[in-house]
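Engineer: model this:
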Amino acid sequence: MTMEYDPAFKNQHSRYFTLILFIIITMLISAICCAEDSSNPLLLKDRTNTSGIITISEGLQLATEKNRIIKIASLNKDIAHTDILVAQSRFLPSIDASANYTFFAHQPGFRFGTQNAYSSEKSFPSYGVNIYQTLYDFGARTSKYEASKNFLETTKLDIARTRNLVALDFITAYFDLLETEKMILVSQKEVERLESHLQVAQNLYQEGVITKNDLLQAEVKLSDARQKLLTTKNVRAVHTSKINTILARPLKEEFRVVEVPVNNFKTIDLENAWEYAEKQRTELQIIDQELKIAGLEETVKKSEYYPTIFALGGYNYSENRYMLHDDNWSLIFGLNLNLFSGGSTKAEVAKIKYKQDQLLEQRSKLLDDIKLEVKKNYLDMENAGEKIQVTKEAVSQAEENLRINKIRYKEGIGTATDVLDAITLLTTAETNYYKSIYDLRRAQAGLMYAMGYDLVSSYL
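Structural biologist: Model prediction:
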């Protein structure tokens, strides 16, 4: 039987093969492209931050997540947790296993009349398991365990303190950068005004209305304003690098900041602010925890005046044919009591008491410092709020003063010095106005921190 050649079958098979090959090649090309995209850091960067804008709430989230100071403080929590595990282990029995092989130079025995009797082989192996359990130690183990738990709470409070401190540092740096942005705008306006004045002076000089001295004066002022603008831009670069450091980003990485909405933080009177700070500041809570720990450490040390009651159980096995029983069980109840330690226990207890007195003094000192911090930011905020109203009116007055002097100068009534002084006054008024605004913002953040507010949640 012979098979006939079918051209249609061959064509159909060829089309299927071409289709499958095309699908495989397409999948390979797609996989290569995806791999290249995923390995390209520039593309990844664009995906993570396409706008290049960092708002104050986003920055606070990044700062509290990536800041290295917070990461270092967080490791103390893990250390404290292991201390709890160590303290817990003291409630459990201690189990020891042993194995040894004994060699004697002479076989042990004794003389019985004219006869020699042996009591052990010259060499033999032995094995054993012992279990030691403290039954009662007058609160030493319990106090150590409670102290370790309190220390864990202390580390949590310290993390919260560090987190809030980093947040304040970021907020201050953020407002510094915003203020610098405004100072750049002020400097640019000053340069533009001086350039406009220089153009007018050049025209008047060509017409023979003014002397060369007026023209040179305008040029010198313009050069000085341009230098100030360069200096302000350098200050902006420094503030940008500081924020990058707080966020654990490369120092040269550029980003933009946006204006922060007015914080609706409502202040209370100074006395209530002090009371609120005393309740909320984590630094005071940390000292309170340390006082508790010191009290528990005192209990641990005083327990050394009393005995420790214990139980010891064991199983021993020896391969010695002279022994009546190869193995044996044992159970011992007993107590340990230190009769004299050279006065070290008494000294340690006294040391802890001095430490408690020191902590109490530190708490009083810290409370005074916190009250001073609250008052300073409270007064700074009030002062900045009053300055905003004054400087806002000064800006309007300086703008009108410049307008009048420019007209007088063009008409030949006023002098170049009047115009230059008016430009300087307007620049100073604008600088003071923006400085007052951000002084208020920084004082608000400082007062909230001093009173113990959570700054991250406050600026969401």
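Engineer: going forward, measure contacts between C-alpha atoms and count neighbours the same way
Structural biologist: Noted.
Engineer: can you pull the buried residues of stretch 432-443?
Structural biologist: Using 16 or more other CA atoms under 10 Å as the test for burial, stretch 432-443 gives N432, Y433, Y434, K435, S436, I437, Y438, D439, L440, R441, R442, A443.
Engineer: ditto for stretch 87-102
Structural biologist: Neighbour-count burial for stretch 87-102 flags A87, Q88, R90 (criterion: 16+ other CA under 10 Å).
Engineer: kindly report the same for stretch 389-401.
Structural biologist: Neighbour counts using 16+ other CA under 10 Å place T391, K392, A394, V395, A398, E399, N401 of stretch 389-401 among the buried residues.
Engineer: contacting residues around it?
Structural biologist: By CA atoms under 8 Å, 6 or more residues apart in numbering, the residues outside stretch 389-401 that reach it are A422, L425, L426, A429, E430, N432, Y433, S436.
Engineer: could you look up the SS state of the first one?
Structural biologist: Pointing back at A422 there. Of the three states, A422 takes helix under DSSP: H, G, I helix; E, B strand; the rest coil.
Engineer: which one is it nearest to, not counting chain neighbours?
Structural biologist: L402 (5.0 Å; CA to CA, 6 or more residues apart in numbering).
Engineer: ditto for the fourth one
Structural biologist: Closest residue in space to A429, ignoring its immediate chain neighbours: V395 at 5.2 Å, by CA to CA, 6+ apart.
Engineer: from T431, how far out is the one you found?
Structural biologist: Distance of V395 to T431, computed by CA to CA, to the nearest Å: 9 Å.
Engineer: and the residue nearest to G128 when sequence neighbours are not counted, how many neighbours does it have?
Structural biologist: With CA to CA, 6+ apart as the criterion, G128 has its nearest non-adjacent residue at 4.1 Å, and that residue is N316. N316: 17 surrounding residues under other CA atoms under 10 Å.
Engineer: what are the ranges of the helices in the stretch 351-460 of the chain?
Structural biologist: For the stretch 351-460 of the chain, the helices defined by DSSP state H, counting those that start in this stretch occupy 416-451, 455-458.
Engineer: off-centre distance for the last one?
Structural biologist: So that's helix 455-458. 14 Å (CA atoms, centre = their mean, to the nearest Å).
Engineer: returning to that earlier point: which of the helices of the stretch 351-460 of the chain sits most buried?
Structural biologist: Across the helices of the stretch 351-460 of the chain, the average number of neighbours (mean count of other CA atoms under 10 Å) peaks for helix 416-451, which reaches a mean of 22.
Engineer: determine the set of other helices and strands touching it.
Structural biologist: helix 140-206, helix 212-246, helix 270-280, helix 344-410, helix 455-458 (3 or more CA pairs under 8 Å, 6 or more residues apart in numbering; DSSP states H and E).
Engineer: how about TSV for the helices of the stretch 351-460 of the chain, with distance to I69 and mean pLDDT added?
Structural biologist: Below are these laid out as TSV (distance: least, CA to CA, whole Å; pLDDT from 0 to 100):
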stretch	distance to I69	mean pLDDT
helix 416-451	18	94
helix 455-458	16	90
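Engineer: TSV for these, including distance to N338?
Structural biologist: Shown next, in TSV, are the helices of the stretch 351-460 of the chain (distance: least, CA to CA, whole Å):
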stretch	distance to N338
helix 416-451	50
helix 455-458	53
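Engineer: select, out of those helices, the one closest to K410.
Structural biologist: helix 416-451 (9.7 Å; CA to CA).
Engineer: the nearest residue to Y145 once chain neighbours are set aside: helix or strand, and which one exactly?
Structural biologist: Excluding its sequence neighbours, the residue lying closest to Y145 (CA to CA, 6+ apart) is A87, at 4.9 Å. Per DSSP states H and E, A87 falls inside helix 68-89.
Engineer: what does the next helix or strand after that helix rub up against?
Structural biologist: Using DSSP H and E, the helix or strand that follows helix 68-89 in sequence is strand 94-103. Applying CA under 8 Å, 6+ apart, the external contacts of strand 94-103 come out as K122, S123, F124, P125, S126, Y127, G128, V129, N130, I131, Y132, Q133.
Engineer: same deal with stretch 53-71?
Structural biologist: With CA under 8 Å, 6+ apart as the test, stretch 53-71 has contacts from 159, 162-163, 166-167, 170-171, 174, 246-248, 255-258, 260, 456, 459-460.
Engineer: center of this structure, which residue is that?
Structural biologist: Centroid-nearest residue in the chain: I70, 2.4 Å away (criterion: CA atoms, centre = their mean).
Engineer: can you list the low-confidence ranges for the chain?
Structural biologist: The model of the chain has pLDDT under 70 over residues 1-51, 263-267.
Engineer: is it correct that D380 is in contact with L440?
Structural biologist: Yes. With contacts counted by CA atoms under 8 Å, D380 reaches L440, the gap being 7.3 Å.
Engineer: look up how far L216 lies from I210.
Structural biologist: 11 Å.
Engineer: the two: which has the busier surroundings?
Structural biologist: Counted by other CA under 10 Å, I210 and L216 do not tie: I210 has more neighbours, with 17 against 14.
Engineer: how many neighbours does the residue nearest to A422 have?
Structural biologist: 21.
Engineer: remind me, longest strand of this structure?
Structural biologist: strand 123-136 (DSSP state E).
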